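Visitor: Build me a structure from this.
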Amino acid sequence: MKRIALLTWLLVCLSSQAYAQSPAGGPYPSRMVRMVTAFVPGSSTGDVVARAVAKRLSDSWGQPVVVDPRPGAGMVIATDLVAKAPPDGYTLLMVSASFSVNPSLHSKLPFDSIKDLTPITLTSFIPYLLVVHPSVPVRTFQELVVFAKAKPGALNYGAAGTQNQLALELLKLRTGINMVHVAYRGASLVITDLVGGQIHLALGTSLAVLPHVNSGRLRGLAVTSARRVSAVPDLPTIAESGVPGFDVSAWNGVFVPAGVPASILAKLNADITSAVKAPELRARLTAEGGDVVGNSSEEFARFIRDDIAIWAKVVKAAGLRTE
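Guide: Prediction:
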């Protein structure tokens, strides 16, 4: 009987290691989980991905996962909030590619992008479409470059977030054109003003801009990714339009504060990657010409380090560092 009791005790101990435990003990999650984002609700693919993932996690865990939008300051507000949150797995952060730009764009951040946050998984890639208002007298990307060179500073572009701005700054550097940046708080506001003619051009996802392109209210010139987008197969890439090697896409990924227990990190990675690869979200992103990812924490960490290095060079070349 003693041997049986000892064996039972050992089995219980071993099996308990298979379940994620909250720092206070007990299964994880045992209460509401907050997913902080830097997106204006309804303004971007990042918001769509965050809400789709939150719903899948809520259904799977039997605990509410609430999306908490904290837009502003180029994603610094949302990132700082999560970097300083308790490392218990109950505060998640969904970011976009601006995360990789901020370390080089800002001379001083209230957090360390590498040390204060732990990557969970890269969720998705979405290419941009370069679109102009019909009042701009160009119909191709090559014509845009010729027009902009003939009239330096005459064109302005709208951008919400640093990654959009940096993508167009990279385009300026690679082509030698001069355009004026107009900052916006949300991507939807950029498209609204572009359709209204308050600005001349912008980058947007196909989901955001294709209805306007199809109606004639905007004109599509090119896509920013290395390959063409299935939703607009006749639209050439910038790379094949005279800027070899140009390849910029929006991306989204999930982080938690540094110090979250390994068992919870493993559960988060497994469950979020499963949520990302759900058929409905995959179909939604495919319609935009994007791809779902759902990679390991280690792979995402390497991607972040490489991406930070790439954009540091662009920020330096464009002279955009802020104090």
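
Visitor: helices or strands up against the helix or strand harbouring V101?
Guide: Assigned by DSSP states H and E, V101 falls within helix 98-105. Contact partners of helix 98-105 among helices and strands, from 3 or more C-beta pairs under 8 Å, 6 or more residues apart in numbering; DSSP states H and E: helix 76-83, helix 162-175, helix 297-318. (C-beta placed from N, C-alpha, C; glycine too.)

Visitor: how big is the angle separating that helix from helix 297-318?
Guide: Interaxial angle of helix 98-105 relative to helix 297-318 (axes from the mean of the first three to the mean of the last three C-alpha atoms, to 10 degrees): 50 degrees.

Visitor: Run through who's touching helix 98-105.
Guide: Here helix 98-105 makes contact (C-beta atoms under 8 Å, 6 or more residues apart in numbering) with 38, 74-76, 79, 109, 113, 161-163, 166, 253, 304, 307-308, 310-312, 315-316, 320-322.

Visitor: all strands in the stretch 51-200 of the chain, in order from the N-terminus.
Guide: For the stretch 51-200 of the chain, strands defined by DSSP state E, counting those that start in this stretch occupy the ranges 65-69, 91-96, 117-127, 129-132, 156-160, 180-184.

Visitor: Nearest to F147, out of these?
Guide: Counting by C-beta to C-beta, F147 lies closest to strand 129-132 out of those; the figure is 9.8 Å.

Visitor: List the strands paired with the closest one, with their directions.
Guide: Its sheet considered, strand 129-132 pairs with strand 201-204 (antiparallel), strand 219-223 (antiparallel) by DSSP bridges.

Visitor: Turn the helices and strands packed on helix 98-105 into TSV, columns for mean neighbour count, mean pLDDT and distance to K267.
Guide: Listed next are the helices and strands packed on helix 98-105 as TSV, based on neighbours: other C-beta atoms under 10 Å; pLDDT from 0 to 100; distance: least, C-beta to C-beta, whole Å:
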stretch	mean neighbour count	mean pLDDT	distance to K267
helix 76-83	21	97	18
helix 162-175	22	89	29
helix 297-318	16	92	12
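
Visitor: Relative to G245, which of the ones you listed is closest?
Guide: helix 162-175 (8.6 Å).

Visitor: Residue ranges of each domain in this protein, please.
Guide: 31-126+250-318, 129-241 (automatic domain parsing).

Visitor: Next up, the contacts around L201.
Guide: Applying C-beta under 8 Å, 6+ apart, the residues contacting L201 are 130-133, 136, 144, 155-158, 179, 194.

Visitor: Buried among these? Make that a PyMOL selection.
Guide: Entered in PyMOL, the line below selects the buried ones among the contacts of L201, by 16 or more other C-beta atoms under 10 Å:
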select buried, resi 130+131+132+133+136+144+155+157+158+179+194
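
Visitor: can you name the two of the contacts of L201 that are farthest apart?
Guide: Spatially, the most separated pair among the contacts of L201 is L144 and G158, at 15.3 Å (C-beta to C-beta).

Visitor: Output the below-cut-off pLDDT ranges for the stretch 201-323 of the chain.
Guide: By pLDDT under 70, the low-scoring segments of the stretch 201-323 of the chain are 322-323.

Visitor: Strands of the stretch 201-323 of the chain, start to end?
Guide: Under DSSP E, counting those that start in this stretch, the stretch 201-323 of the chain gives strands at 201-204, 219-223, 249-257, 291-292.

Visitor: export those to TSV and tack on distance to S274?
Guide: Below are these laid out as TSV (distance: least, C-beta to C-beta, whole Å):
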stretch	distance to S274
strand 201-204	29
strand 219-223	29
strand 249-257	13
strand 291-292	11
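
Visitor: Nearest to G242, out of those?
Guide: Closest among the strands of the stretch 201-323 of the chain, using C-beta to C-beta: strand 219-223, at 9.6 Å.

Visitor: Any idea which of the strands of the stretch 201-323 of the chain gets closest to L268?
Guide: strand 249-257 (6.8 Å).
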